[in-house]
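Peer 1: Whatever this is, show me its structure:
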Amino acid sequence: MIDNELHISPAYFIEDDRFTIEEIADSKLTIEISDSFFRFSIKNEHDKIVWLEDFSLAKARNTADHLQSIIENHRFLSVRFWDKIHVLIHAKQKTFVPIHLENQSLADRYLQSLFGLPMESTIQLSKRGSYLYHTNEEILNFFKEFYPEDKLILHLADSALENEPAHMLTFHQEGASLFVHENHQNVFFVNDLKAVIEYIKNKDLSNVKLCGEITEYAKNYKVLENAGLKAELIKHAGDIRFSQYFQDCPFHRYYLLFRAS
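Peer 2: Numbering: from 1, shown residues only. This is a model prediction of the structure:
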């Protein structure tokens with residue numbers, strides 16, 4: 001059951017009202033999900049992002065039910081005939097291994113050894129190895145059942161950063177995820193920012209960019225500055241094209257979503 005007291009309306013949105021349902025078959029839907037939010041963007045047939053909606057899930061008693069209600073009652077999300085549907089899933093229990101690991105029981109044991117709890121791993125293969133992560137199976141199954149299999153791609157959200165030239169520190173409402181490139185590629189979640197700072201310094205990582213739930217005025221940004229890290233907010237990427245209505249959009253906050261679009 002959905003919490004009746006919760007408004008199922010976006011906390012933030014940008015709409016180009018020239019976009020219509022008739023364009024969906026030639027457009028790409030990109031969805032990003034975490035414990036605290038559900039957001040999506042639409043890229044039209046001209047490779048321009050024309051729509052953005054960001055919903056809070058922070059007060060939802062049942063995240064899967066709330067998410068399902070948003071999708072089933074939305075004029076665009078409830079449509080199944082998109083050209084492509086890309087779903088980015090955030091996870092706290094995650095890692096990267098530099099081999100193609102396709103054995104499910106081995107992947108499960110690998111995550112269990114890292115986090116000390118029995119858990120089922122979702123495996124995502126990439127050119128450089130395998131992402132292993134644990135997530136809400138109810139949400140995964142909903143997407144698999146709701147959208148056509150030949151249109152749907154489910155990915156660990158951080159994997160959208162694999163081809164970035166910089167190391168990426170993504171802030172969440174609670175905690176942060178660090179994506180490390182070069183010879184030590186890895187991705188992990190931490191609650192303690194001091195531990196991230198220590199890791200970055202010990203590994204002598206330069207060119208660290210920030211995205212997600214952070215601004216230059218945030219406490220965490222000041223902590224990074226005071227620690228002597230020259231990390232800065234990710235800037236607009238010139239190869240991502242937008243409708244004219246996105247000029248005031250906080251680009252760094254939605255970078256993962258836009259990069260995967």
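Peer 1: where do the helices sit along the stretch 151-261 of the chain?
Peer 2: Counting by DSSP state H, counting those that start in this stretch, the stretch 151-261 of the chain has helices at residues 193-202, 219-226, 255-260.
Peer 1: ok, and what's touching the last one?
Peer 2: So that's helix 255-260. Helix 255-260 is contacted from outside by 30, 32, 39-41, 49, 52, 86, 88, 155, 157-158, 160-161, 164, 170, 211-212, 234, 237, 240, 251, using Cβ atoms under 8 Å, 6 or more residues apart in numbering. From N, CA and C alone the C-beta is placed, and that goes for glycine too.
Peer 1: Just the buried subset of the residues you listed, please.
Peer 2: 30, 32, 39-41, 49, 52, 86, 88, 155, 157-158, 160-161, 164, 170, 211-212, 234, 240, 251 (16 or more other Cβ atoms under 10 Å).
Peer 1: residue ranges of the strands in this protein, please?
Peer 2: Using DSSP state E, the strands of the chain run over 12-15, 28-33, 37-43, 49-56, 84-89, 94-97, 122-125, 130-133, 152-156, 167-171, 176-180, 186-190, 208-212, 232-233.
Peer 1: tilt between the second one and strand 152-156?
Peer 2: Computed by axes from the mean of the first three to the mean of the last three Cα atoms, to 10 degrees, the angle separating strand 28-33 from strand 152-156 equals 40 degrees.
Peer 1: what do you get for the fourth one?
Peer 2: Computed by the same axes, to 10 degrees, the angle separating strand 49-56 from strand 152-156 equals 60 degrees.
Peer 1: what packs against strand 49-56?
Peer 2: Contact here means 3 or more Cβ pairs under 8 Å, 6 or more residues apart in numbering; DSSP states H and E; on that basis strand 49-56 packs against strand 12-15, strand 37-43.
Peer 1: Serialize these to a markdown table and add fields for distance to residue 144.
Peer 2: Putting the helices and strands packed on strand 49-56 into a markdown table (distance: least, Cβ to Cβ, whole Å) gives the following:
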| stretch | distance to residue 144 |
| --- | --- |
| strand 12-15 | 27 |
| strand 37-43 | 17 |
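Peer 1: ok, residue 28 - how many residues close by?
Peer 2: 20 (other Cβ atoms under 10 Å).
Peer 1: JSON lines please, covering the strands of the chain and showing distance to residue 62 and mean pLDDT.
Peer 2: Shown next, in JSON lines, are the strands of the chain (distance: least, Cβ to Cβ, whole Å; pLDDT from 0 to 100):
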{"stretch": "strand 12-15", "distance to residue 62": "23", "mean pLDDT": "97"}
{"stretch": "strand 28-33", "distance to residue 62": "14", "mean pLDDT": "98"}
{"stretch": "strand 37-43", "distance to residue 62": "13", "mean pLDDT": "97"}
{"stretch": "strand 49-56", "distance to residue 62": "14", "mean pLDDT": "97"}
{"stretch": "strand 84-89", "distance to residue 62": "17", "mean pLDDT": "98"}
{"stretch": "strand 94-97", "distance to residue 62": "23", "mean pLDDT": "96"}
{"stretch": "strand 122-125", "distance to residue 62": "21", "mean pLDDT": "95"}
{"stretch": "strand 130-133", "distance to residue 62": "21", "mean pLDDT": "96"}
{"stretch": "strand 152-156", "distance to residue 62": "20", "mean pLDDT": "97"}
{"stretch": "strand 167-171", "distance to residue 62": "25", "mean pLDDT": "96"}
{"stretch": "strand 176-180", "distance to residue 62": "24", "mean pLDDT": "96"}
{"stretch": "strand 186-190", "distance to residue 62": "22", "mean pLDDT": "94"}
{"stretch": "strand 208-212", "distance to residue 62": "24", "mean pLDDT": "96"}
{"stretch": "strand 232-233", "distance to residue 62": "34", "mean pLDDT": "92"}
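Peer 1: Sounds good, over and out.
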